[in-house]
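Trainee: For reference, the sequence and a predicted model appear below.
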Amino acid sequence: MISFLLSIFLSAFLLFQLQPIIARYILPWYGGSATIWTACMMFFQVALLLGYLYAHLLASHVPPKRQAGLHLALLALSLLLLPIGVPESWIPTVSGQPAVDILALLAISVGIPFILISASGPLLQHWFSGVYPGRSPFRLYSLSNLGSLAALLSYPVLIEPNFTIDNQALTWSILYGLLVLLFASCGILYWKTNSDAVIAKDDAVAPEPVTMLDRTLWVSLAACGSTMLLAITNQISTDIAVVPFLWILPLSLYLITFIICFDKDGWYQRGVWMGLFAVSLVLIVRLMFTEFTSDTSPLAYQIFVYCFALFTCCMVCHGELARRRSAVPHLTTFYLYVALGGAVGGVFANLIAPVLFSGFWELHIALVGTVILAGVCIGVDNDLIKTKQRLTAFASVWSVVSIALIGVMIVQVQDGRSSSIYVNRTFYGVLYVDDYDAGTVEHERQLYHGRIQHGRQLMHPSSRRTPTSYYGLDTGVAAAILNHPHRSSRDPAEHGLNIGAIGLGVGTISAYGSPADSVHYYEINPDVEHVARNYFYYLPKSKAAIEVVIGDARVSMQRELDTDGSNQFDVLILDAFSSDAIPVHLLTDEAFDLYDKHLSDDGILAAHISNEYLDLSPVIRNAAQRLNMDAMLVEGPATRWYEDSNDWVLLSRNKEFMKSDRLRSIQTEWYEATPKPVRWTDDFSNLLEVIDWSD
């Protein structure tokens, strides 16, 4: 039995270690977008379905003696694909379908090992029921989810901080080889048994035929839980940060619900968990109607509400799933439909929802879907509702509740977007363009990415060139451009500046451009350029020469360095961190080395670090020290109604600039004389080091 237990645990452990490892490989290639993780999740859910289908066909159509031999042969062949990894030569060029690219990349790099491991769970349980008749194999499902949970929790605590990404892949490959040996011992034991005619009897479920209602509820409940997982992951990653820690937290809670519900029937008490789910509904709806600031919605509170809603929703879905699980003879059929539901949720959240919806409305659908499914499960429970009259009364009440919730969700979707003149959802998120005070001298237009403002412009003809928001005349970036020695000592009409900017927004930086200047933008989202050119005037009306390069900034800048050499920027602006979902790969040592190579000898690096919950100044200061640059903090207050308070860090070896009277007049003292020892690399980064939990 030890072989079965170790094989079940290790296979699940490797299955869920693979997800963050591979996601870390490809995260920087697609701009650190929050949807990269959910795209990876969709692939793994679809691959899991294929693995379960393979296990079901093997268990139901292949004689017992041949099952072990066939599966072990495939496992042995898969060893030729090790070690796992994603070569840098696979770095993508600009594509309009990044989700499709990710799926293809994952299928080629890890598809076969993942499918074979995913088949291990149901296949081992099937073999177990043949080797140990009289013992229920369903508790092994809890052990499997415990292995998955161990993998997820150990990754940010033990694996990520202590192993490079290549060493992680190598260690995984070695453990995969060990799993093949353990699986061989289980297969030999099953082969010796020579029969699966004796099947364990599960006393909790009568061995009745699987009905269409059973299949429908299995798929629906699993799909609802999967959709909720991906919706919450998207919400947390978009509003907070794109890091494995915040991906792993919701997935861990999702797995815990499986462990609880399938370990023992008594753990899921329908009345208790549906009551807690109702409480979470109230909390999350309230949060939806609240603007995200450190005063109204502290970071810890946001995470708690999202995770509480996810946990209670999945407890209801998976609790009802466990109550309606099949008899042991239909075990692989049951798991196949559960996997199908998970894949349906993944495909819906990643491929269908972006086409159907202009916003991230999957969360709303998952919440409403859980309420409706809970009502259906209660309604078809003959032990609870025994008469037609009671069923009619219950259906009426539950329908009213469901309709009321749908109404609230519709109001929330429409709330605050009545002024939007443009709404579009892409792989990188949802963009809104809002108009305010149209027809007046204070008419302004703002660009939002989700809940975060990414630029604003005064629309009156006399004010269209006015720099606004985080880029006003008293900001650090204005000082870097207007007081650069080349600008202040030369005629700007004849000797311009070469300016680079990571992050386009609405193009406000170009308002500072003179006819001799050039502004070279790097922007990951093609839709942002479309909005900046068609709904705002900074780019079309700029006096400078404007160029927008679509693609991840690091990938694009490295490609430019390799092909054309350094861009020799006089000012390079890092402006990708104002939202709470920061792309961490743009703040690593490797990233700053690349920026330094693209700077002129007296160039200035201006990093915009305004952020609601994260203090990025230690990362920037330590990078400056390593590169032998001076670093200065400039905090700009919102002195005009169209400006926002802002924080900039200026880095340069240009002593003339850094010691100028203008810079000294706007300089802000660092909060700490010595920065915290925070240093990030492509292999090691820890968001917890810069989160301000007090907010």
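Mentor: Received, thanks. From a predicted model like this one, the values you see are computed outputs, not experimental measurements.
Trainee: Need the three-state assignment for Ile573.
Mentor: Classification of Ile573 by DSSP: H, G, I helix; E, B strand; the rest coil places it in strand.
Trainee: quick one: which helix or strand includes the nearest residue to it once chain neighbours are set aside?
Mentor: Residue nearest to Ile573 in three dimensions, not counting chain neighbours: Ala501, with 4.3 Å by C-beta to C-beta, 6 or more residues apart in numbering. Every residue, glycine included, has its C-beta placed from N, CA and C. Using DSSP states H and E, Ala501 sits in strand 498-502.
Trainee: which residues make contact with the helix or strand following that strand from outside it?
Mentor: Of the helices and strands lying after strand 498-502 in sequence (DSSP H and E), the nearest is strand 518-523. Defining contact as C-beta atoms under 8 Å, 6 or more residues apart in numbering, one finds that strand 518-523 is touched by 496-504, 507, 509-510, 513, 529, 542, 544-553, 556-557, 567, 569.
Trainee: Could you pull out the helices in the stretch 401-550 of the chain for me?
Mentor: 476-482, 485-489, 526-534, 538-541 (DSSP state H, counting those that start in this stretch).
Trainee: got those as CSV, with mean pLDDT columns?
Mentor: As requested, these are exported to CSV (pLDDT from 0 to 100):
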stretch, mean pLDDT
helix 476-482, 93
helix 485-489, 74
helix 526-534, 95
helix 538-541, 94
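Trainee: Can I get these in CSV including distance to Gly177 and mean neighbour count?
Mentor: Shown next, in CSV, are the helices of the stretch 401-550 of the chain (distance: least, C-beta to C-beta, whole Å; neighbours: other C-beta atoms under 10 Å):
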stretch, distance to Gly177, mean neighbour count
helix 476-482, 53, 25
helix 485-489, 59, 15
helix 526-534, 43, 19
helix 538-541, 55, 19
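Trainee: Would you format those helices as TSV with distance to Glu643 included?
Mentor: Shown next, in TSV, are these (distance: least, C-beta to C-beta, whole Å):
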stretch	distance to Glu643
helix 476-482	11
helix 485-489	22
helix 526-534	19
helix 538-541	15
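Trainee: out of the ones you listed, nearest to Leu179?
Mentor: Taking C-beta to C-beta, helix 526-534 is the member of the helices of the stretch 401-550 of the chain nearest to Leu179, at 42.3 Å.
Trainee: Next up, phi/psi of Asp570, please.
Mentor: Asp570 adopts backbone torsions of phi -80, psi -40, taken as degrees, to the nearest 10.
Trainee: And it, what's its pLDDT?
Mentor: Asp570 is assigned a predicted lDDT (pLDDT) of 95.
Trainee: Relative to His443, which of the helices of the stretch 401-550 of the chain is closest?
Mentor: helix 538-541 (15.5 Å).
Trainee: Residues in contact with that closest one: which ones?
Mentor: Counting by C-beta under 8 Å, 6+ apart, 457, 464-465, 506-511, 532-533, 546, 548 sit against helix 538-541.
Trainee: Need the CA coordinates for it. CSV is fine.
Mentor: Listed next in CSV are the C-alpha coordinates belonging to helix 538-541 (Å, rounded to 0.1, in the frame of the first residue of the first chain):
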residue,chain,number,x,y,z
TYR,A,538,-0.8,63.8,-26.9
LEU,A,539,0.7,61.6,-29.6
PRO,A,540,-1.0,63.2,-32.7
LYS,A,541,-0.2,66.7,-31.5
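Trainee: any idea how far that helix is from the chain center?
Mentor: 33 Å (C-alpha atoms, centre = their mean, to the nearest Å).
Trainee: Please enumerate the helices of the stretch 551-695 of the chain.
Mentor: Going by DSSP H, counting those that start in this stretch, the stretch 551-695 of the chain shows helices at 553-564, 589-598, 617-626, 655-658, 661-666.
Trainee: hang on, I meant the stretch 251-400 of the chain
Mentor: Counting by DSSP H, counting those that start in this stretch, the helices of the stretch 251-400 of the chain are 270-288, 299-323, 331-347, 353-356, 362-379, 388-414.
Trainee: Mind putting those helices into a markdown table with mean neighbour count and distance to Val634?
Mentor: What follows is the helices of the stretch 251-400 of the chain, written out as a markdown table (neighbours: other C-beta atoms under 10 Å; distance: least, C-beta to C-beta, whole Å):
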| stretch | mean neighbour count | distance to Val634 |
| --- | --- | --- |
| helix 270-288 | 16 | 34 |
| helix 299-323 | 23 | 25 |
| helix 331-347 | 24 | 44 |
| helix 353-356 | 14 | 39 |
| helix 362-379 | 21 | 38 |
| helix 388-414 | 13 | 38 |
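Trainee: For Leu57, find the nearest of the ones you listed.
Mentor: Of all those, helix 331-347 comes closest under C-beta to C-beta, at 8.6 Å.
Trainee: contacts for the closest one?
Mentor: With C-beta under 8 Å, 6+ apart as the contact definition, helix 331-347 has outside contacts at 38, 41-42, 45-46, 48-49, 51-53, 55-56, 59-60, 121-123, 125-126, 129, 137-138, 210, 215, 218-230, 321, 325-326.
Trainee: and it with helix 362-379, angle?
Mentor: 150 degrees (axes from the mean of the first three to the mean of the last three C-alpha atoms, to 10 degrees).
Trainee: mind exporting helix 331-347 as PDB, just the C-alpha atoms?
Mentor: Output of helix 331-347 as PDB, limited to C-alpha atoms (Å, rounded to 0.1, in the frame of the first residue of the first chain):
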ATOM      1  CA  LEU A 331     -14.800   5.900 -10.600                       C
ATOM      2  CA  THR A 332     -12.900   6.800 -13.800                       C
ATOM      3  CA  THR A 333     -16.100   8.000 -15.400                       C
ATOM      4  CA  PHE A 334     -16.700  10.300 -12.400                       C
ATOM      5  CA  TYR A 335     -13.200  11.800 -12.600                       C
ATOM      6  CA  LEU A 336     -13.500  12.200 -16.300                       C
ATOM      7  CA  TYR A 337     -16.600  14.400 -16.000                       C
ATOM      8  CA  VAL A 338     -15.000  16.300 -13.100                       C
ATOM      9  CA  ALA A 339     -12.000  17.000 -15.300                       C
ATOM     10  CA  LEU A 340     -14.300  18.000 -18.200                       C
ATOM     11  CA  GLY A 341     -16.000  20.500 -15.900                       C
ATOM     12  CA  GLY A 342     -12.600  22.000 -14.900                       C
ATOM     13  CA  ALA A 343     -11.600  22.300 -18.500                       C
ATOM     14  CA  VAL A 344     -14.900  23.900 -19.400                       C
ATOM     15  CA  GLY A 345     -14.400  26.500 -16.700                       C
ATOM     16  CA  GLY A 346     -10.800  27.200 -18.000                       C
ATOM     17  CA  VAL A 347     -11.800  27.500 -21.600                       C
END
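Trainee: can you list the domain ranges for the chain.
Mentor: 1-203, 211-325+357-385+393-415, 470-689 (automatic domain parsing).
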